[in-house]
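**Q** task: produce atomic coordinates for the following.
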Amino acid sequence: MRTHPDGSTPSAPVSPNAFTAEYLDLLANRDEPITGAEADAAGPWHLEPDPATGWAVLRQGESVEKGSTPSATFGKKDAARLIAAVLPGTGKPPRYRLGKDPDAVGYPVIADNQVVGHFLYFNEDLLAALNVVDALIASPHDLAWLLDAAGGLALDHAGKIALERAQP
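**A** Sure thing, here's the model as predicted:
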């Protein structure tokens with residue numbers, strides 16, 4: 001069950017919904033299935049101008065104009081684009097884990113119960129970044145948000161580098 005930062009639980013969504021408020025209230029009193037976190041973060045997301053904050057990050061079907069509460073707001077559109085790109089990955093179980101004990105090469109990075117690499121140091125921030133990038137490249141929709149956030153100049157340079165790397 002989703003809660004607000006103040007600990008309260010919403011009784012029904014503000015936005016129009018195909019399900020009745022009574023039905024949603026009944027569901028709000030039950031535990032969410034294991035897929036709840038992924039469904040909550042999955043989106044798809046869109047951006048809208050927000051007169052109070054600059055840019056609102058909202059789920060499809062939500063709108064500032066309809067009274068929806070944005071999942072995030074930013075004064076800069078580029079930051080809002082980045083959040084729209086990474087937000088869906090935050091609901092997915094991470095693919096990579098970091099071993100607690102080093103071996104002869106370093107700290108093992110584990111995926112699918114197999115060691116797939118090593119970090120020299122125990123670095124949870126680097127592991128979190130790896131999982132974010134992994135989630136981004138697994139979703140063309142989310143990757144497109146990241147490319148949109150990068151801007152034309154970065155994409156121009158990246159396109160040249162990518163073409164060079166792709167050629168034999």
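
**Q** give me the residues contacting the strand or helix carrying Ala135.
**A** Using DSSP states H and E, Ala135 maps to helix 124-137. With contact meaning Cβ atoms under 8 Å, 6 or more residues apart in numbering, helix 124-137 is reached by 85-86, 88-90, 92, 94-98, 109, 119, 142-143, 146. Bear in mind the C-beta positions are built from the backbone N, C-alpha and C, glycine included.

**Q** buried residues in it?
**A** Buried residues in helix 124-137, counted by 16 or more other Cβ atoms under 10 Å: 127, 130-131, 135-136.

**Q** what do you get for stretch 132-152?
**A** Those would be 135-136, 139, 142, 145-146, 148-150, for stretch 132-152 by 16+ other Cβ under 10 Å.

**Q** please apply the same query to stretch 66-83.
**A** For stretch 66-83, by 16+ other Cβ under 10 Å, it's 68, 70-74, 79-83.

**Q** what sits opposite Arg59 in the beta ladder?
**A** According to DSSP bridges, the partner residues bridging Arg59 are Trp45.

**Q** give me the low-pLDDT residue ranges for the chain?
**A** Along the chain, segments meeting pLDDT under 70 span 1-16.

**Q** which residue ranges of it form helices?
**A** Remark: helices assigned in the chain by DSSP state H are 21-28, 36-42, 77-86, 124-137, 140-150, 152-166.

**Q** can you say which of these is nearest to Pro102?
**A** Closest to Pro102 of those, according to Cβ to Cβ: helix 124-137, at 14.1 Å.

**Q** helix 140-150 and the closest one, what's the angle between them?
**A** 110 degrees (axes from the mean of the first three to the mean of the last three Cα atoms, to 10 degrees).

**Q** chain center to helix 124-137, what's the gap?
**A** 11 Å (Cα atoms, centre = their mean, to the nearest Å).

**Q** got the angle between that helix and helix 77-86?
**A** 80 degrees.

**Q** tell me who's in contact with the residue nearest the centre of the chain.
**A** Residue closest to the average C-alpha location in the chain (Cα atoms, centre = their mean): Leu87, at 1.7 Å. Residues in contact with Leu87 (Cβ under 8 Å, 6+ apart) are 41, 43, 45, 57, 71-72.

**Q** wait, which of these is closest to Gly159?
**A** Of the contacts of Leu87, the one sitting nearest to Gly159 (Cβ to Cβ) turns out to be Trp45, at 25.1 Å.
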